[in-house]
Every structure is written in C-alpha cells, then in structure tokens.
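Asker: Task: produce atomic coordinates for the following.
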Amino acid sequence: ALCPATPVVPGGLLTYSGSVSNAGNITLINVAVLSDRPAPNTIVFTAATLAPGAVGVFTGSSTVPANACALTTTFSATGQDLCSPATVTNTLATTCTVTTVPAITVTLACPAGSAITGGLITYSGTVSNAGNVTLNNVFVVNNQPVANTPVLGPLTLVPGAVSNFTANFIAPNNACTVSSTVSASGNDNCTAILVSHSASATCALLTTPLLVLTQSCPLIPAIPGGLLTYSGSVSNAGNITLTNVVVLNNLSGATPVLTAATLAPGAVSNYTGSYLAPTNCSSTSLSTGTARSICGIGVTNTVSSTCPINTTPLLVLTQSCPLIPAIPG
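Answerer: Numbers count the residues shown, from 1 in each chain. Purely as a prediction, here's the structure:
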C-alpha cells in the first residue's frame with residue numbers, strides 16, 4: 001500500500017492505493033483485502049479469482065484524526081487455493097506522515113479605563129493555537145517592565161484553543177503614553193518546530209498638568225511714583241512636564257516677567273517684576289501664567305497681590321498781614 005503523493009493534514013482525507021497479487025502457481029479464489037480503517041474489517045478489494053501472477057489494484061480512504069502526527073493503516077489479504085481448501089493470508093501495515101501546520105496568535109489590548117502616569121497599568125490579551133496540531137511549551141512574555149518578563153505558561157494548547165492573560169507593570173512617570181509588546185511561542189507536538197507571534201499596544205496615560213503661581217509685595221513699600229518691585233514663583237504642581245511657560249503681569253507691560261522652555265513636575269522657577277507705583281494708598285497687580293504639557297494640554301493660572309504704598313501726608317499753612325494796617329475797631 002502507498003501513501004498519497006499530496007500532503008495529508010490532520011482532519012483531512014487520506015486516500016491510499018495498493019495492490020494484491022498472486023505470487024503462487026495456482027489460481028486463488030474468494031480473494032479479499034480488508035483494512036482496519038475507517039473501521040475494523042473494512043473491505044477494500046474482492047475478486048472471485050486471481051490467476052498466478054495477476055495483480056489486483058485497490059484504493060481506500062479514511063479521515064485523519066485531528067491533531068495526529070501520522071496515520072497507520074493495516075491491511076489483511078486472504079485467498080483460497082483453487083485445488084484445495086487451503087487459505088493463504090498476508091498482512092501489511094502502512095504509516096503515512098501527516099503534514100502539520102503549527103501556528104500561534106497573540107493579541108494585546110489597553111485597559112478599559114485610563115491608567116495614570118506612574119501608576120499600575122493592566123493590559124489584557126489572548127494566546128490561541130491557530131494551527132492544526134497541538135502546541136506544547138506555550139509561553140507568553142512581555143517587554144515590560146524588562147525584556148522577557150513572564151506573563152503566561154508553560155501550557156499546552158490544542159488546535160483552536162484560546163487562553164486569556166493579563167500583563168501588569170508600573171507605567172512610566174512623566175509620560176503621555178506607554179507601549180507594551182508581548183510575544184507568544186510554542187512547539188509543534190509532532191515535529192517540535194517552534195512557532196511564535198507578537199502583538200503590541202500603545203495606551204494613553206492620564207496626566208494632570210497644573211501650574212501654580214505666587215506673588216509677594218516688596219518688603220519696603222514703594223512711594224507714589226516710585227518703582228514697585230514684586231516677586232513671585234511659578235511651579236509645576238502636576239505630574240507631567242510643562243513647556244513654553246510664560247508669566248505676564250497686567251501692570252508690567254507686554255514683556256513677560258518669566259519665560260521657561262520646560263518645567264518638570266515639582267520644579268519651581270522664581271520671577272520678579274516692577275512698575276511705577278500710582279499716587280494711591282495701595283496697588284493691585286495681576287500675574288497670569290500659561291503653559292502647555294508635553295502631551296499638548298494647555299494650562300493657565302492667575303495670582304494677584306495688593307501692595308501698600310508708602311505715603312507721606314503733610315499739610316503746610318501760610319499767613320500774611322494786610323499791606324495796609326487796620327485801624328482800631
């Protein structure tokens with residue numbers, strides 16, 4: 001018996017061909033060939049007679065079991081001597097290799113809710129056997145927080161099986177997004193061939209940009225018409241770096257009292273500004289700070305201070321007699 005010339009896959013149809021011949025010197029009668037597939041004693045050939053040297057050709061088929069590496073079929077041939085009741089038999093076992101197509105697929109998804117920068121982030125994913133043969137030693141690893149961090153495994157996956165997993169790690173500080181890549185691998189149960197697949201997901205992180213301003217009056221109050229010099233600070237009270245930081249004061253003109261290309265979380269930058277004090281008891285000025293986070297979100301904040309003005313109240317009197325003196329009464 002011969003295996004088919006075309007590859008046979010698990011779950012597919014295996015069609016074999018064979019022959020039975022009379023190798024003796026007397027005709028055989030009631031010749032039959034039986035196969036153990038698809039069921040025991042399946043008849044694949046019969047002949048009323050088979051002359052010496054004659055050959056009978058037969059074919060048969062059976063379905064390859066799922067997840068099989070090879071398929072063995074046993075044939076039994078019988079025939080009776082034309083001249084006597086003697087029966088002759090012969091058996092043959094043929095093993096056909098099954099062509100396996102191992103394949104593995106992995107998926108990765110961001111969490112349903114946004115994770116915060118510097119907080120725990122939990123990805124979810126699946127690993128599945130997309131081939132036609134069982135996979136052994138299936139592992140899933142993640143590149144976060146370090147390369148080849150174990151996520152799942154070892155396990156065995158039959159064809160079509162799916163296994164869920166989660167991957168947890170701490171998201172980076174001061175970041176807008178975080179990316180993760182998982183890799184799945186497994187060995188063909190029949191050939192030990194290694195197959196692998198990777199998936200990546202980039203998730204947005206929840207950031208809180210926040211700009212805080214302070215402003216103080218000078219220790220020595222300015223005098224009316226004198227220079228009033230105030231001081232203050234701008235700080236990043238959020239969890240993400242701010243860019244293009246600008247502070248303007250409504251009484252100091254169009255020139256910013258502070259500019260900074262970047263301001264990291266927790267960083268503080270001081271500023272001073274001045275203007276001419278009005279003729280008044282006090283003066284109120286308003287400073288406005290603006291910035292944009294590295295994730296593109298704009299922020300603003302304001303602060304005001306009312307500063308006393310050092311005034312000197314003074315009353316001057318003069319008095320003069322008349323040029324012509326008055327007379328009594």
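Asker: so where is the stretch 51-200 of the chain shaky, pLDDT-wise?
Answerer: In the prediction, the stretch 51-200 of the chain carries no residues with pLDDT under 70.
Asker: Pull the contacting residues for the residue nearest the centre of the chain.
Answerer: Nearest to the geometric centre of the chain sits A201, at 2.6 Å (Cα atoms, centre = their mean). Shown in contact with A201 (Cβ atoms under 8 Å, 6 or more residues apart in numbering): L108, A109, C110, Y123, S179, S180. In this view, the C-beta of every residue, glycine as well, is placed from N, C-alpha and C.
Asker: which parts of the helix or strand that contains L34 are buried?
Answerer: Using DSSP states H and E, L34 falls within strand 28-35. Buried residues in strand 28-35, defined by neighbour count with 16 or more other Cβ atoms under 10 Å: L28, V31, A32, V33, L34, S35.
Asker: ok, T177 - contacts?
Answerer: T177 makes contact with T202, C203, A204, L205, according to Cβ under 8 Å, 6+ apart.
Asker: how about 10 Å then?
Answerer: C110, T117, A171, T202, C203, A204, L205, C295 (Cβ atoms under 10 Å, 6 or more residues apart in numbering).
Asker: cool, S124 as well?
Answerer: S124 makes contact with T107, L108, A109, C110, P111, A112, N164, F165, T166, A167, A201, according to Cβ under 10 Å, 6+ apart.
Asker: ok so, going back, could you list which of the contacts of T177 belong to strands?
Answerer: When the contacts of T177 are checked against strands (DSSP state E), the matches are T202, C203, A204, L205.
Asker: Got the confidence number for the third one?
Answerer: Pointing back at A204 there. Looking at A204, its pLDDT reads 94.
Asker: Need the ones in strands among the contacts of T177 in TSV (columns: distance to P7).
Answerer: Converted to TSV, the ones in strands among the contacts of T177 look like this (distance: Cβ to Cβ, whole Å):
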residue	distance to P7
T202	40
C203	43
A204	47
L205	49
